[in-house]
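Trainee: let's see this in three dimensions:
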Amino acid sequence: MFNQHLRPLVSLAASFVLGAAPALADGRNPGTLLVFPVLQCEQGVDTLITVTNANPDLTGAAVRVHFVYVSGDTPTLCQPTNAYELLTPQDTITVVASLHVAHGYSKGWVYVHAVDATGRAISYNHLIGDEIVFNGELTTDFAVHPFSFRAIPEQGLFTDLENPGDNVLDLNGLEYEQAPDAILIPRFMGQSNDFQSDLVLLNLSGGARFTANVNLQIFNDNEIPMSATTAFQCWTRVPLVSISSSVTNSFLQGTTNAPNEIIGANSRESGWILLFGGTAQVVPGGTSIPDPAILAVLIEKTGLKVGAELPFLQGTQPRGDILPQGTTWDGD
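Mentor: A predicted model of the protein is given here:
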């Protein structure tokens, strides 16, 4: 799985990780649960995942962190594979995903959370992280921060508050911070042969067996709204243009657009996207969840250059759960 072309990049990419996570002014904080939205372990492509224990108390005990790799491949969709690591205060670890666990997944996502010695989820709001997806054959890479969720109980206490516990990480404002109610992507480039972007989507309501319907409000550079919908199960990475033709440069040029934008490159159109959940339906038929919680990231590509960043998050809602495997919903 780990292509020989990647080996010269590991030390370079690992060095980049250390400088790729500047402090942002959007209020993101260290958390107990980190959700890394992209995993790639294909021929010539791999993922570096960094988790750091930013606890300033050097006299504190080490914390055990649980890595869960979640498959995005169709035959094994949403199946998890596990690994554990131990981090002392101010310690950091970077792993090459394809070598960390022998999961064989070519794509998907990863979440990491604090646990005790027996594997029970605990509160420990000192974890930060970063990931880099790099292509050793094309010598390209992109980095993206994880979504961070703080635990609500005091440090060291169990976060599974249900009796009996269900071993599900609930983003309900009681166990962990609530999930966002809407995702705002501040820019996309008009799609063409030169600009081809992918939208990554994670469903956080219902779990592995649920299909989420997502609503998109797409705006051109002159406030003209357009709409689209898409549906997916668990996790997906799809070309943006496959969701709606209204994101293409040619279509946007035919709308009532701002003729002098992008300033300095007015032959290229752009816009922005608002995403929010419609419903999540168990597969096959059954329980339906209104307004499911989702996460989304846009990966922008032009030629050999690739970039991604966390979107803005709007509002909160309590219907997020991390990877339940059943066909029912517990309502939180």
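
Trainee: what sits closest to the residue nearest in space to the middle of the chain if chain neighbours are left out?
Mentor: Among the residues of the chain, the one closest to the centroid is residue 37, at 2.2 Å (CA atoms, centre = their mean). With sequence-adjacent residues excluded and distances taken as CB to CB, 6 or more residues apart in numbering, residue 37 is closest to residue 297, at 4.8 Å. In short, each C-beta sits where N, CA and C put it, glycine included.

Trainee: may I ask you to confirm that the residue nearest to the centre of the chain belongs to a strand?
Mentor: Yes: the assignment for residue 37 is a strand, going by DSSP: H, G, I helix; E, B strand; the rest coil.

Trainee: that one touches residue 295, doesn't it?
Mentor: Yes: under the criterion of CB atoms under 8 Å, residue 37 makes contact with residue 295 at 6.1 Å.

Trainee: pull up the overlap in contacts between the two.
Mentor: Here residue 37 and residue 295 share the contacting residues 147, 202, scored by CB atoms under 8 Å, 6 or more residues apart in numbering.

Trainee: tell me how far the residue nearest to the centre of the chain lies from residue 172.
Mentor: Between residue 37 and residue 172 the distance, using CB to CB, to the nearest Å, works out to 21 Å.

Trainee: can you give me the neighbour number for the residue nearest to residue 309 when sequence neighbours are not counted?
Mentor: Excluding the flanking residues, the one nearest residue 309 by CB to CB, 6+ apart is residue 144, at 6.4 Å. By the criterion of other CB atoms under 10 Å, residue 144 has 20 neighbours.

Trainee: if we can go back for a sec, does the residue nearest to residue 37 touch residue 144 like I think?
Mentor: Yes: in this structure residue 297 lies within contact range of residue 144 using CB under 8 Å: 6.2 Å.

Trainee: what is in contact with those two at once?
Mentor: 37, 38, 308, 309, 310.

Trainee: how about the contacts made by the fourth one?
Mentor: Residues counted as contacts of residue 309 (CB under 8 Å, 6+ apart) are 144, 145, 297.

Trainee: the last one too?
Mentor: If a contact means CB under 8 Å, 6+ apart, then residue 310 has 28, 144, 145, 147, 297 as its contacts.

Trainee: show me those that map onto strands.
Mentor: If you go by DSSP state E, those have 144, 147, 297 in strands.

Trainee: now the last one: how far from residue 171?
Mentor: From residue 297 across to residue 171, the span is 17 Å (CB to CB).

Trainee: more neighbours: which of the two?
Mentor: residue 171 (26 against 22).

Trainee: can you check the pLDDT for the closest residue in space to that one that isn't next to it in sequence?
Mentor: The shortest distance from residue 171 to any non-neighbouring residue, by CB to CB, 6+ apart, is to residue 320 (3.2 Å). pLDDT for residue 320: 95.

Trainee: residues in contact with residue 320?
Mentor: Contacts for residue 320 were tallied using CB under 8 Å, 6+ apart; they are 170, 171, 172, 178, 179, 204, 205, 293.

Trainee: so which of these is surrounded by the most neighbours?
Mentor: Per-residue neighbour counts (other CB under 10 Å) across these peak at residue 179, which has 29 neighbours.

Trainee: give me phi/psi at the residue nearest to that residue when sequence neighbours are not counted?
Mentor: Sequence neighbours aside, residue 320 is the residue nearest to residue 179 in space, at 3.2 Å (criterion: CB to CB, 6+ apart). Per-residue torsions, residue 320: phi -90, psi 130 (degrees, to the nearest 10).

Trainee: let the chain start at 24 from now.
Mentor: In the new numbering, first residue 24, that becomes residue 343.

Trainee: ranges for the helices of the chain?
Mentor: Secondary structure of the chain, counting by DSSP state H: helices at 30-41, 120-123, 263-266, 272-276.

Trainee: using PDB, write down the CA coordinates of stretch 257-266.
Mentor: Extracted in PDB, the C-alpha atoms of stretch 257-266 (Å, rounded to 0.1, in the frame of the first residue of the first chain):
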ATOM      1  CA  CYS A 257     -22.100   7.500   6.000                       C
ATOM      2  CA  TRP A 258     -19.300   9.300   4.100                       C
ATOM      3  CA  THR A 259     -18.600  10.400   0.500                       C
ATOM      4  CA  ARG A 260     -16.200  12.400  -1.600                       C
ATOM      5  CA  VAL A 261     -17.800  13.500  -4.900                       C
ATOM      6  CA  PRO A 262     -17.000  16.000  -7.600                       C
ATOM      7  CA  LEU A 263     -18.800  19.200  -6.900                       C
ATOM      8  CA  VAL A 264     -20.000  19.400 -10.500                       C
ATOM      9  CA  SER A 265     -21.800  16.000 -10.100                       C
ATOM     10  CA  ILE A 266     -24.100  17.500  -7.500                       C
END
